[in-house]
Every structure is written in structure tokens, then in C-alpha cells.
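Trainee: Provided below are the primary sequence and the corresponding predicted coordinates.
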Amino acid sequence: MLSAKRTVITLLGLLMAASVNNSLATGTGLSLAQQNYMLNCQGCHLPDGSGSAGVVPRMTDFIGYFLQVDGGREFIVRVPGAANAPIDDQELADVMNWLLKQFSAEQIPPDFHPYTSEEVGILRKNPLIDVSGVRAGLINRIQDKVGISEDGLSGT
């Protein structure tokens with residue numbers, strides 16, 4: 001009886017795995033970029049990109065602003081969580097492009113061009129050390145250019 005239950009459980013597990021693989025292969029499931037976001041980013045930035053006030057910056061309705069100032073495009077790839085993610089350059093480029101469109105489409109400038117694996121490969125070789133300092137300078141430029149007072153971290 002026990003071996004029959006194991007066989008049924010094993011078969012169910014194989015069917016579920018096949019279903020997941022099929023949905024990914026046919027494009028009906030989660031994209032690889034979204035899966036990589038879930039595995040490498042959402043632990044801190046949360047599933048909806050909202051972050052944690054005062055601790056983890058939000059992406060929702062904010063990260064696209066970085067693309068509007070000099071150095072911002074580079075910054076969001078060079079932050080340690082992105083630069084050191086255990087995925088290849090193309091996968092990281094895909095994650096960056098996905099999350100920008102998913103969480104901050106309205107803040108992306110009209111002349112935005114998607115990240116490429118080549119660009120990401122160059123940028124992630126030089127991860128930021130002074131993340132807070134560089135971010136503060138970029139936030140000042142964003143606030144001046146866009147006319148917002150919030151910083152995407154404290155909510156103000």
C-alpha cells in the first residue's frame with residue numbers, strides 16, 4: 001500500500017513538473033525575467049516592488065525616474081543586489097527591462113532603449129560601494145528634474 005502511494009505521489013509530482021515546463025515553453029506561464037525577479041529581487045523589494053519604507057527602496061512608480069538623470073541607468077544595474085545576482089548578463093538585462101515596464105512604465109522616458117547583455121556585462125563588473133551616497137545624489141537630481149519631493153525610500 002505504501003509503495004502504491006509513493007508511486008501516485010511521484011507520478012503527480014512528475015505531471016506537475018511537466019505542466020510547469022510546458023507552460024514556460026509555450027509562453028503561458030511566468031517569463032524567465034519574472035521568475036528571476038522572484039528568485040533574486042522580491043525577497044527584499046517584495047512581489048509588487050513596494051520595498052520596505054526606510055529600509056528597501058520601492059520600485060513601484062519610481063525606479064523609472066532613475067532613467068531620467070545622468071548616471072541613473074547605470075546605477076540600477078550596479079547596485080550590489082543586481083550586479084551580484086547569480087544570473088547571466090542577458091538574464092539580468094531581461095529582469096531590468098521587465099521590472100521597469102512592470103513597476104514603473106509611466107516614469108520611463110520616451111527615448112528609453114532596453115538594456116542589453118553587453119551593457120549589463122560592462123556595468124556589473126564595477127558594482128557600487130557607496131550605494132547610499134550615489135543614490136542620494138541621483139535622488140537630488142531626480143527631484144530637481146521631475147519636481148517630486150519623494151525619494152522612493154521613505155515615502156516622502
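Mentor: The structure has been received and is ready for your questions.

Trainee: CA only for contacts and neighbour counts going forward, please
Mentor: OK.

Trainee: same question for stretch 75-89, mean pLDDT?
Mentor: Computed over stretch 75-89, the mean pLDDT rounds to 96.

Trainee: make that stretch 138-154, sorry
Mentor: Regarding stretch 138-154, the rounded mean pLDDT is 94.

Trainee: Buried residues, that stretch. List them.
Mentor: Across stretch 138-154, burial judged by 16 or more other Cα atoms under 10 Å covers 138-139, 141-142, 151-153.

Trainee: Equivalent analysis for stretch 56-71, please.
Mentor: Going by neighbour count (16+ other Cα under 10 Å), the buried part of stretch 56-71 is 56-69.

Trainee: Likewise for stretch 82-95?
Mentor: By 16+ other Cα under 10 Å, the buried positions in stretch 82-95 come out as 82-85, 89-95.

Trainee: What segments of the chain are helices?
Mentor: For the chain, applying DSSP state H gives helices covering 2-25, 32-40, 42-45, 72-78, 80-83, 89-104, 117-123, 131-146.

Trainee: Done for today, thanks.
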